[in-house]
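**Student:** need the 3D shape of this:
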Amino acid sequence: MDPFIPPPDFPPRSPLVRGCTACGACCAAPDIHALGKPLGVVCRHLGRDCLCGIYAARPAVCRNYQPDWVCGEVAPLPTLEARVRRFLEIYGLEEERSP
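**Tutor:** Prediction:
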């Protein structure tokens, strides 16, 4: 299965976007237990440029994350907050987000 093909109820995304877009959503939306980072909270290591400040020493969960169709869905949004909101909407996690 191609991880860049969205589910049937989502519009198709560009097949050219198959790598990290440096949108920051994967460092802000999901919870990252290894870093003590709650759901919907920006990782303390994410820089203003949406790049990881501990990239060489990042935990395995971050190392193993692979871009997929969700990246193409959220990357075009204009702000990190909008990207996080959409990421959480896709996975049905809006209500679980930390205040």
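**Student:** lowest-scoring secondary structure element of this protein by mean pLDDT?
**Tutor:** Using mean pLDDT, DSSP states H and E, the weakest-scoring helix or strand in the chain turns out to be helix 69-74, at a mean of 87.
**Student:** most centrally placed residue in the chain?
**Tutor:** Against the mean C-alpha coordinate of the chain, by Cα atoms, centre = their mean, the closest residue is C26 at 2.3 Å.
**Student:** which residues in this structure form helices?
**Tutor:** 60-63, 69-74, 80-90 (DSSP state H).
**Student:** pick the most deeply packed of the ones you listed.
**Tutor:** Compared across the helices of the chain, helix 69-74 shows the largest average neighbour count, a mean of 22 (mean count of other Cβ atoms under 10 Å). Bear in mind the C-beta positions are built from the backbone N, C-alpha and C, glycine included.
**Student:** hang on, the earlier thing: other residues contacting the least confident helix or strand of the chain?
**Tutor:** Applying Cβ atoms under 8 Å, 6 or more residues apart in numbering, the contact partners of helix 69-74 are 3-6, 10, 13-14, 17, 20-21, 23, 25-26, 83, 86-87, 90.
**Student:** what do you get for stretch 78-88?
**Tutor:** Contact partners of stretch 78-88, identified using Cβ under 8 Å, 6+ apart, comprise 23-26, 28-30, 39-40, 42, 50, 70, 73-75, 77, 94, 96-97.
**Student:** again, but for stretch 26-42
**Tutor:** 24, 43-46, 50, 52, 59-62, 65, 71, 80, 83-84, 87-88, 93, 96-98.
**Student:** what average pLDDT does it get?
**Tutor:** Stretch 26-42 comes out with an average pLDDT of 93.
**Student:** would you confirm that C52 contacts H45?
**Tutor:** Yes. The pair C52 / H45 is scored as a contact, 5.7 Å apart, by Cβ atoms under 8 Å.
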